[in-house]
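Student: Pasting the sequence and the predicted model now:
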Amino acid sequence: MIDTDAMALNDRVRQLIGQGKKQIVFDLSEVRLMNSCFGLGILMACWSCLNRAGGELKLASPSAKVLHLLEITKLDQIFDIFDTVTEAKSSFGEELPV
């Protein structure tokens with residue numbers, strides 16, 4: 001993830017919140033590497049934004065490397081992490097659009 005991608009992701013989350021969509025799943029299946037500045041920082045920024053709006057951010061399908069990074073930074077204690085997007089969506093307790 002590069003800086004412009006991170007900014008675009010944060011902007012998209014804000015747009016979704018503005019549309020009343022406050023239950024969001026990030027599909028991490030295509031993310032192979034994540035660094036603390038852009039990757040973890042943007043996850044926390046999005047989580048914080050959703051949290052302030054009364055929403056939730058859940059993570060799905062992280063690679064082993066990404067999951068390990070989330071664990072060593074203790075972010076696995078902040079985020080609900082699921083093996084699949086379907087499991088993450090189901091955890092909200094209601095039908096969410098794809």
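Tutor: Here it is on my side, so go on. Since the model is a prediction, treat every value here as computed from it, not as a measurement.
Student: For the rest of this, base every contact and every neighbour count on C-alpha atoms.
Tutor: Noted.
Student: quick one, strands of this protein?
Tutor: 23-27, 56-60, 80-82 (DSSP state E).
Student: So which of these is nearest residue 49?
Tutor: Closest of the strands of the chain to residue 49 is strand 56-60, at 9.4 Å (criterion: C-alpha to C-alpha).
Student: That closest one to strand 23-27, inter-axis angle?
Tutor: 20 degrees (axes from the mean of the first three to the mean of the last three C-alpha atoms, to 10 degrees).
Student: Same question for stretch 7-15: list its buried residues.
Tutor: Residues 10, 13-14 are the ones in stretch 7-15 that count as buried (16 or more other C-alpha atoms under 10 Å).
Student: Now go through these and say which are in helices.
Tutor: Secondary structure from DSSP state H places 10, 13-14 of the buried residues of stretch 7-15 in helices.
Student: Just name the closest of these to residue 75, please.
Tutor: Closest to residue 75, out of all of these and judged by C-alpha to C-alpha, is residue 10, at 17.9 Å.
Student: for the nearest residue to that closest one once chain neighbours are set aside, what are its contacts?
Tutor: The shortest distance from residue 10 to any non-neighbouring residue, by C-alpha to C-alpha, 6 or more residues apart in numbering, is to residue 46 (5.9 Å). Residues counted as contacts of residue 46 (C-alpha atoms under 8 Å, 6 or more residues apart in numbering) are 10, 13, 57.
Student: ok so, going back, tabulate the strands of the chain (CSV), appending mean pLDDT, distance to residue 33 and mean neighbour count.
Tutor: Formatted as CSV, the strands of the chain follow (pLDDT from 0 to 100; distance: least, C-alpha to C-alpha, whole Å; neighbours: other C-alpha atoms under 10 Å):
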stretch, mean pLDDT, distance to residue 33, mean neighbour count
strand 23-27, 96, 14, 18
strand 56-60, 97, 15, 21
strand 80-82, 98, 17, 18
